[in-house]
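*Asks:* take this sequence and fold it.
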Amino acid sequence: MISTPRLDLHHICAEDLITLFEEPENLSIYEGKPYSNSHRQLMDDSGPLAWRVPQVRVDPSLNRWFVRWIVLRSTGEIIGSTSFHGAPDSVGMIEIGLGIQESFRNMGFAKEALLGMWRWALTYPEVKVLRYTVSVENSPSIRVIESFGFHYQGEQIDEEDGPESIYEMSKDEFLEKFDGK
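*Replies:* Residues are numbered from 1 along each chain as shown. This is a model prediction of the structure:
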């Protein structure tokens, strides 16, 4: 688990990830856990599971980079999820995505979750570059990533989401700006 000032980012084990994707109404994956999914995160819309589950089936070791619940510690509610898109590539780049339940947006939770995930990822020496891609029309997410000082790298066409802006920051720059803050 990754802890931030207000959030706990709980990793979803491979077995529960597959169950969530294949049987979203199977509530056994929450039994005995310190959180609840009253907002039905990844149940009604599987989000990244359609891409992550096939990757985990091929190589279960990749799951450490994948989906974590964003849990509001004060209530135990799952308010979103976050996931890297895969392990670091050949140049050490790792890309992240996240989603926050609409009623919890504009409260700083996205920034807090991103900081927690990036700090965790940078404990792995193979991670050298952090990447965030966002729809060119998603102004709130663009403001979030720009507030960190990530550098605009250009655009790409995502098969699912259409045109996206690409933002990156090196490990060294991130640690210089945010280490210990």
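*Asks:* all contacts plus neighbour counts: C-alpha atoms, from now on.
*Replies:* Will do.
*Asks:* now the residue nearest to the spatial centre of the chain. Nearest residue, chain neighbours left out?
*Replies:* Compute the mean C-alpha point of the chain, and by C-alpha atoms, centre = their mean the closest residue is Thr82, 2.1 Å away. In space, and not counting its chain neighbours, Thr82 is closest to Leu98: 4.1 Å by C-alpha to C-alpha, 6 or more residues apart in numbering.
*Asks:* gap between Gln55 and Trp118?
*Replies:* Taking C-alpha to C-alpha, to the nearest Å as the measure, Gln55 falls 21 Å from Trp118.
*Asks:* mind jotting down where the helices sit in the chain?
*Replies:* Taking DSSP state H as the criterion, the chain carries its helices at 14-22, 49-58, 109-121, 139-147, 171-178.
*Asks:* which residues does the shortest one contact?
*Replies:* Which is helix 171-178. Leu122, Val127, Lys128, Val129, Leu130 (C-alpha atoms under 8 Å, 6 or more residues apart in numbering).
*Asks:* could you measure from the second one over to Met169?
*Replies:* What that stands for is Val127. Counting by C-alpha to C-alpha, the gap from Val127 to Met169 is 11 Å.
*Asks:* any shared contact partners between those two?
*Replies:* Counting by C-alpha under 8 Å, 6+ apart, Val127 and Met169 have no shared contacts at all.
*Asks:* so how many other residues sit close to the residue nearest to Thr82?
*Replies:* Residues near Leu98, counting by other C-alpha atoms under 10 Å, number 20.
*Asks:* residues in contact with it?
*Replies:* Residues counted as contacts of Leu98 (C-alpha under 8 Å, 6+ apart) are Gly80, Ser81, Thr82, Ser83, Ala110.
*Asks:* my guess is the fourth one contacts Ile96. True?
*Replies:* What it means is Ser83. Yes: with contact defined as C-alpha atoms under 8 Å, Ser83 counts as touching Ile96 (5.7 Å).
*Asks:* neighbour count winner among those two?
*Replies:* More neighbours surround Ser83 than the other of Ser83 and Ile96, with 23 against 18 (other C-alpha under 10 Å).
*Asks:* dig out what the more buried one forms beta bridges with.
*Replies:* Beta-bridge partners of Ser83, counted by DSSP bridges, are Gly97.
*Asks:* now do the buried residues in stretch 125-143.
*Replies:* Across stretch 125-143, burial judged by 16 or more other C-alpha atoms under 10 Å covers 126-136, 141-142.
*Asks:* stretch 13-31 too?
*Replies:* Within stretch 13-31, the residues that count as buried by 16+ other C-alpha under 10 Å are Cys13, Ala14, Asp16, Leu17, Ile18, Thr19, Leu20, Phe21, Pro24, Ile29.
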